[in-house]
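Asks: Attaching a predicted model along with its sequence, questions to come.
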Amino acid sequence: MEAAREAEFVTVAGLVAAVAQGQSGALWRLEGIDRQLDANLVRHLPGTGGAPHTEDEVDVMLVVLGGGGTLTLDGAQSQLSPGFLGVLPRGTSRALLAGSEGLLVLTVHRRRRGMRIGRTAPAAAPRPCELHLVCGRCQRHAIEADARYCSACGTALLPENPTRQA
């Protein structure tokens, strides 16, 4: 039987009060691995925001809780103030710019898919082990790939060097 998930409750006023005045970024986010939604409470300091970007995977609901600013969505600008609620469709270019009071927004969207198994670019071949170039006595690493003796203390190095000529 599946364990019941606990509800999450917070107050926006409590979150904002608990954070230093000059702090920006995510003040809160939903937790839990088996949730269906992602939500973030984000503070942008005055005059800050983000470069235009396109969200290709999910629609995003944006709720302005405090401050003000400008939303640019596919080139069209909307003025933001507390109570503004908008749905930003996936595939649209969007950017936020906080006004003189800063901007406090709640974003909610369907949880993005996790990492997927698939083809990746081939990895570079691993470097061969160089343990045979480490001196067992003084732990120094030999500079020459075909070294027979440690240049620091003269100890013979391991004979398993694959590049060493016999």
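Replies: Received the coordinates, thanks.
Asks: a strand runs through residue 66, doesn't it?
Replies: Yes: applying DSSP: H, G, I helix; E, B strand; the rest coil, one finds residue 66 inside a strand.
Asks: Can you name every helix or strand that the helix or strand bottoming out on mean pLDDT in the chain contacts?
Replies: The weakest-scoring helix or strand in the chain, judged by mean pLDDT, DSSP states H and E, is helix 12-17 (a mean of 77). Where contact means 3 or more C-beta pairs under 8 Å, 6 or more residues apart in numbering; DSSP states H and E, helix 12-17 is packed against strand 25-29, strand 37-44, strand 60-73, strand 93-110. Backbone N, C-alpha and C define where each C-beta goes, glycine included.
Asks: Residue 137: which of those is closest?
Replies: With distances scored as C-beta to C-beta, the stretch of those nearest to residue 137 is strand 25-29 (51.8 Å).
Asks: In its sheet, which strands sit next to the closest one, and in what direction?
Replies: Looking at strand 25-29 with DSSP bridges, its partner strands are strand 37-44 (antiparallel).
Asks: contacting residues around residue 138?
Replies: Taking C-beta atoms under 8 Å, 6 or more residues apart in numbering as the contact definition, residue 138 lies against 150, 152, 153, 155.
Asks: Would you confirm that the last one contacts residue 137?
Replies: Spelled out, that is residue 155. Yes: if you go by C-beta atoms under 8 Å, residue 155 and residue 137 touch, sitting 4.3 Å apart.
Asks: Most neighbours among the contacts of residue 138, which one?
Replies: Of all the contacts of residue 138, the highest neighbour tally under other C-beta atoms under 10 Å goes to residue 150, namely 20 neighbours.
Asks: My read is that that one contacts residue 142, right?
Replies: Yes: assessed by C-beta under 8 Å, residue 150 is found in contact with residue 142 at 6.4 Å.
Asks: and for these two, which residues touch both?
Replies: Common contact partners of residue 150 and residue 142 (C-beta under 8 Å, 6+ apart): 135, 157.
Asks: Look up how far residue 71 lies from residue 56.
Replies: For residue 56, the distance to residue 71 (C-beta to C-beta, to the nearest Å) stands at 18 Å.
Asks: Who has more neighbours out of these two?
Replies: Under the criterion of other C-beta under 10 Å, the comparison of residue 56 against residue 71 puts residue 71 first, with 21 against 8.
Asks: For that one, which residues are in contact?
Replies: So residue 71 contacts 62, 77, 78, 80, 86, 94, 95, 96 (C-beta under 8 Å, 6+ apart).
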